[in-house]
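S.K.: Curious how this folds, go ahead:
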Amino acid sequence: MRAVLCRAQGKPEDLIVDDIPSPTLTENSVRIAVRAAGVNFADTLLVSGRYQIKPPYPFSPGLEVAGEVIEVAKGVRRCKKGDRVMAVLDYGGFAEEVAAKASDVFNIPDDMDFETAAAFPVAYGTSHLGLKLKAHLNKGETLLVNGAAGGVGLTAVEIGKLLGATVIAAARGTDRLKVATESGADLGVDYTTENLHETVKRLTGGRGADVVYDPIGGPVFEASLRAVAPGGRILAVGFASGQVPQIPANILLIKNISVFGYYWGAYRTLDPALIDKSFKELFSWFSDGKLKPHVSETLPLEKAAEALGSLVERRSTGKIVLTP
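M.R.: Numbers count the residues shown, from 1 in each chain. Below you'll find the model as predicted:
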């Protein structure tokens, strides 16, 4: 099969496409013919050797795929040959076939195409469990979403609205804010031209945001820390800026703020049943037309480096999908 390969720690442009053996089916696993693979910022970290998971070289990036089941291990009852599924992986998704743990494979709704399904699990799963389980976002609260036009940011905007919050989108530039507004954001902040802290305070009548969803880190996180309401919660989802913020404990103390570190992928091991329950609700919302996944670009495997480069340089909105 063909696969995108990372042969050594490096940059997206160092990736190559080559022929490798198809994956071997192991106990409790499922082999999938990949029709589409979602591209995530974490893939750029995998390639550069900065991700928490460090695969042996050579390996294929790719944390999420969608396609058709072509083989199941003995005893697997979760799905069967021919099923249309999406799957979450530690890595390996940028390929024509993958072998995934059965517990990480999910049958998709009949009205969901493969490109949408490949863009779905990581972004929607992260925002759904993060906002409901970790941050306990309540109806009537104000949610500030940083990086609101990106892959996880747009899903946080959508889910925040479905949970009954007033959503403030923060993004780089008016074009990106327009994308967030089209996904349901009530208000917007362009943090390239506006002071994030001061603008959020003004938009909330001086109170600040009850919940902050932050996949950016760096100066944006630091400004958000001052824009959160007393007793508010901040969900640290990632550090797309490349800068891990240092949090002054005195601000947490004075304002009674809670900061949650949150890695959605951990729940695949910690509580797989919770992931199943989450996707059940998300699939229901999708089929009811309440979620509108935003796939901004679909590219062939040969353009994986271009796709990752768009994420590194923050040119893309929503999700980019590769199609083997």
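
S.K.: can you list the residues that contact stretch 123-137?
M.R.: With CB atoms under 8 Å, 6 or more residues apart in numbering as the test, stretch 123-137 has contacts from 38, 40, 88, 143, 151-152, 154-156, 158-160, 163, 165, 210-211, 213, 233, 235, 237, 260, 262, 264, 267, 274-275, 278-279, 281-282, 291, 293, 319. From N, CA and C alone the C-beta is placed, and that goes for glycine too.

S.K.: Same question for that stretch: list its buried residues.
M.R.: Judged by neighbour count using 16 or more other CB atoms under 10 Å, the buried positions of stretch 123-137 are 123-131, 133-135, 137.

S.K.: about what we covered before: narrow the contacts of stretch 123-137 to those in strands?
M.R.: Mapping those onto strands (DSSP state E) picks out 38, 88, 143, 210, 211, 213, 233, 235, 260, 319.

S.K.: I'd say residue 107 and residue 82 touch.
M.R.: No: counting by CB atoms under 8 Å, residue 107 does not reach residue 82; the two are 11.0 Å apart.

S.K.: These two - which one has more neighbours?
M.R.: Per other CB atoms under 10 Å, whichever of residue 107 and residue 82 has more neighbours is residue 107, with 15 against 8.

S.K.: Now do the residue nearest the centre of the chain against residue 67, distance only.
M.R.: Residue closest to the average C-alpha location in the chain (CA atoms, centre = their mean): residue 123, at 2.8 Å. According to CB to CB, to the nearest Å, residue 123 and residue 67 sit 18 Å apart.

S.K.: go on, residue 95?
M.R.: Distance from residue 95 to residue 67, by CB to CB: 10 Å.

S.K.: Please enumerate the shared neighbours of those two.
M.R.: residue 34.

S.K.: Report the next helix or strand after the lengthiest helix in the chain in sequence order.
M.R.: Determined from DSSP state H, the single longest helix within the chain is helix 272-287. The helix or strand immediately downstream of helix 272-287 is strand 295-299, counting by DSSP states H and E.

S.K.: what packs against whichever helix or strand comes after that following strand?
M.R.: Where DSSP H and E defines the elements, the next helix or strand beyond strand 295-299 is helix 304-312. Taking 3 or more CB pairs under 8 Å, 6 or more residues apart in numbering; DSSP states H and E as contact, the helices and strands that helix 304-312 lies on are strand 29-39, helix 41-48, strand 295-299, strand 319-322.

S.K.: Identify whichever of those lies nearest to residue 74.
M.R.: In terms of CB to CB, the element of these nearest to residue 74 is strand 29-39, at 10.5 Å.

S.K.: I'd guessed residue 183 sits against residue 159; true?
M.R.: No: assessed by CB under 8 Å, residue 183 is found out of contact with residue 159, at 10.2 Å.

S.K.: what does stretch 307-323 contact?
M.R.: Contacts to stretch 307-323, defined as CB under 8 Å, 6+ apart, come from residues 4, 12-13, 15, 35-41, 43-44, 47, 61-62, 94, 115, 118-119, 123, 149-151, 154, 172, 176, 179, 240, 293-301, 303-304.

S.K.: how long is stretch 23-30 end to end?
M.R.: Stretch 23-30 has an end-to-end distance of 10 Å (CA to CA, to the nearest Å).

S.K.: buried residues in it?
M.R.: Across stretch 23-30, burial judged by 16+ other CB under 10 Å covers 23, 25, 29, 30.

S.K.: Serialize those to TSV and add fields for distance to residue 228 and pLDDT.
M.R.: Below are those laid out as TSV (distance: CB to CB, whole Å; pLDDT from 0 to 100):
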residue	distance to residue 228	pLDDT
23	45	95
25	48	94
29	43	97
30	42	98
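
S.K.: okay, the residues you listed in TSV with distance to residue 201 next?
M.R.: Shown next, in TSV, are the buried residues of stretch 23-30 (distance: CB to CB, whole Å):
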residue	distance to residue 201
23	52
25	56
29	51
30	50
